[in-house]
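Novice: Sequence unavailable; structure follows:
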């Protein structure tokens with residue numbers, strides 16, 4: 001690797017100063033940073049950015065390709081929880097992720113998934129118990145215990161939960177949290193187990209309460225959950241506790257920006273640029289023990305040349321002295337990935353997606369009496385949902401959706417076993433006709449579909465099964481169905497990020513043409529099956545009340 005000599009303004013994140021310097025890099029490390037009176041080249045050198053919590057699979061790109069795109073935005077590392085593929089393929093899926101990133105300059109700091117499956121109320125493709133966690137945590141490629149989503153188990157000292165936490169602590173590895181809405185005594189009991197972070201704060205008061213307990217607050221802004229606008233004051237109030245993360249970033253968003261966008265937004269809110277930079281660099285690097293440099297003599301040469309400390313537009317990115325991106329383009333070539341896949345075969349018809357009135361079977365004398373649906377209420381940009389009781393008409397013994405009232409069908413179809421779909425109703429997706437379907441449905445990744453008619457749902461679901469995983473949108477006919485294939489575990493594409501991003505954006509546009517007002521309809525749909533975030537969600541086994549942690553009737 002050739003030596004590098006750079007003459008730029010250099011930002012010191014520890015001291016909060018900027019000064020003109022000559023930076024010399026040799027064998028991938030910074031050997032000298034010397035104040036210089038020489039003419040400076042444009043731009044400011046800052047340390048490389050870190051995404052402090054992300055599920056790489058949610059980008060629909062395998063790790064090598066995710067890294068190739070993220071580096072364009074100055075990101076040099078991600079703290080990566082591979083629990084999406086772990087839910088589908090188990091330990092072999094985690095090994096695939098480690099294998100796929102091998103040889104990349106980018107750091108994927110993988111954790112051991114703590115909750116596979118996330119709950120016992122849904123069907124996953126694998127289970128990772130305490131013994132498997134201990135085995136994974138012994139692997140030098142596994143650096144921490146990923147988000148502990150089983151907060152009732154942590155509070156109640158469930159044996160499996162406590163064994164997993166103890167295994168991480170015995171190995172000197174961090175324990176990440178997941179505590180949406182937990183406050184007061186519940187929060188104290190949860191974090192007292194040795195859990196150290198939370199990326200699930202939805203309100204400023206919630207974040208303040210957790211910060212008072214010493215919890216590290218990850219300010220999340222991803223493709224579905226966008227909490228920056230609520231939480232940014234934490235950067236001023238508790239700068240030492242804050243980090244930036246995306247959690248889940250879909251490919252079209254990742255092509256546009258990453259942690260660089262959060263830096264710019266923070267400064268636009270009046271946050272000191274160095275406070276923002278520490279949330280993107282120093283804080284996660286120190287907390288997780290990342291091998292990334294902080295632009296100091298002796299450090300690994302992980303650097304971003306940004307246009308200024310206002311917009312943080314990346315001009316060039318180096319990792320260990322290697323130029324990995326320049327002018328918004330990656331210097332790293334795409335590379336083929338394996339395509340492990342265990343998707344079952346399946347074909348469906350409209351009658352598979354019927355919702356029947358309670359007690360009364362189709363064809364009985366009272367089968368057309370009105371009923372009330374206990375419907376999910378989806379909110380744009382949020383993972384949490386509400387609920388609404390909606391009066392519904394029954395036709396020929398079947399409860400049909402009512403697009404005029406934005407009461408649509410939602411189905412979760414088991415991708416692992418041939419069992420009937422779970423059905424319920426949902427408001428917030430706004431489709432006037434047609435349907436969307438996706439095999440990216442957190443966390444077990446069964447197939448979720450939302451549609452204005454049973455026929456449209458059947459077409460969209462069939463398209464996903466035909467591809468052995470992917471996304472689909474249907475206008476209600478087989479001919480009017482578009483897909484994005486995700487052959488890697490039904491979660492990720494084997495195509496370059498630019499192609500995947502363009503295809504995903506096109507599907508989203510089509511969904512919006514069918515009436516959806518949601519900014520990210522597929523991402524939002526994918527979280528309608530995530531039971532560990534309240535309130536009302538749908539698993540392959542039925543409608544689930546996350547506040548009570550129990551099933552609830554879809555029709556009352």
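Specialist: Cool, the structure landed. Quick caveat: nothing in here was measured; it's all calculated off a predicted structure. Residues are numbered from 1 along each chain as shown.
Novice: correct me, but residue 30 touches residue 296?
Specialist: Yes - using CB atoms under 8 Å, residue 30 is in contact with residue 296, at 6.8 Å. For every residue, glycine as well, the C-beta is placed using N, CA and C.
Novice: Only the buried residues of stretch 207-227, if you could.
Specialist: 207-211, 215-227 (16 or more other CB atoms under 10 Å).
Novice: Please flag which of these sit within strands.
Specialist: Judged by DSSP state E, the subset of the buried residues of stretch 207-227 located in strands is 216, 217, 218, 219, 220.
Novice: and which of these is nearest residue 391?
Specialist: residue 220 (36.3 Å; CB to CB).
Novice: Just the pLDDT at the closest one, thanks.
Specialist: pLDDT, residue 220: 97.
Novice: That one reaches residue 55, doesn't it?
Specialist: No - using CB under 8 Å, residue 220 is not in contact with residue 55; the gap is 11.7 Å.
Novice: overlap in contacts of these two?
Specialist: Each of residue 247 lies in contact with both residue 220 and residue 55 under the rule CB atoms under 8 Å, 6 or more residues apart in numbering.
Novice: quick one: the helices in the stretch 451-556 of the chain?
Specialist: 454-466, 497-513, 521-526 (DSSP state H, counting those that start in this stretch).
Novice: what bridges to residue 218?
Specialist: Beta bridges link residue 218 to residue 243 when assigned by DSSP bridges.
Novice: Let's have the ones in strands among the buried residues of stretch 207-227 in a markdown table, adding distance to residue 483.
Specialist: Shown next, in a markdown table, are these (distance: CB to CB, whole Å):
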| residue | distance to residue 483 |
| --- | --- |
| 216 | 40 |
| 217 | 39 |
| 218 | 33 |
| 219 | 34 |
| 220 | 29 |
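Novice: what's the helix or strand containing residue 79 in contact with?
Specialist: In the assignment (DSSP states H and E), residue 79 maps to strand 75-80. Strand 75-80 has contacts (CB under 8 Å, 6+ apart) with 48-56, 63, 66-67, 70, 97, 106-111, 144, 245, 258-260, 284-285, 288, 290, 292, 302, 304, 317, 319, 324.
Novice: Would you mind pulling up the elements that the helix or strand just after that strand packs against?
Specialist: Downstream of strand 75-80, the first helix or strand assigned by DSSP H and E is helix 83-89. Applying 3 or more CB pairs under 8 Å, 6 or more residues apart in numbering; DSSP states H and E, one finds that helix 83-89 contacts helix 91-101.
Novice: Kindly check the end-to-end length of stretch 321-335 for me.
Specialist: 21 Å (CA to CA, to the nearest Å).
Novice: any idea how far the closest residue to residue 533 other than its chain neighbours lies from residue 195?
Specialist: Once flanking residues are discounted, residue 533 sits nearest to residue 383: 4.8 Å by CB to CB, 6 or more residues apart in numbering. Residue 383 is 19 Å from residue 195, where distance means CB to CB, to the nearest Å.
Novice: All the strands of the stretch 101-250 of the chain, residue numbers only.
Specialist: Listed in chain order, the strands found in the stretch 101-250 of the chain under DSSP state E, counting those that start in this stretch are 107-112, 142-148, 174-177, 197-198, 216-220, 242-245.
Novice: List the buried residues in stretch 472-492.
Specialist: 472-476, 481-492.
Novice: Can you tell me how far the closest residue to residue 188 other than its chain neighbours is from residue 350?
Specialist: Using CB to CB, 6+ apart and skipping residues adjacent in sequence, the residue nearest residue 188 is residue 213, 6.4 Å away. Per CB to CB, residue 213 is found 51 Å from residue 350.
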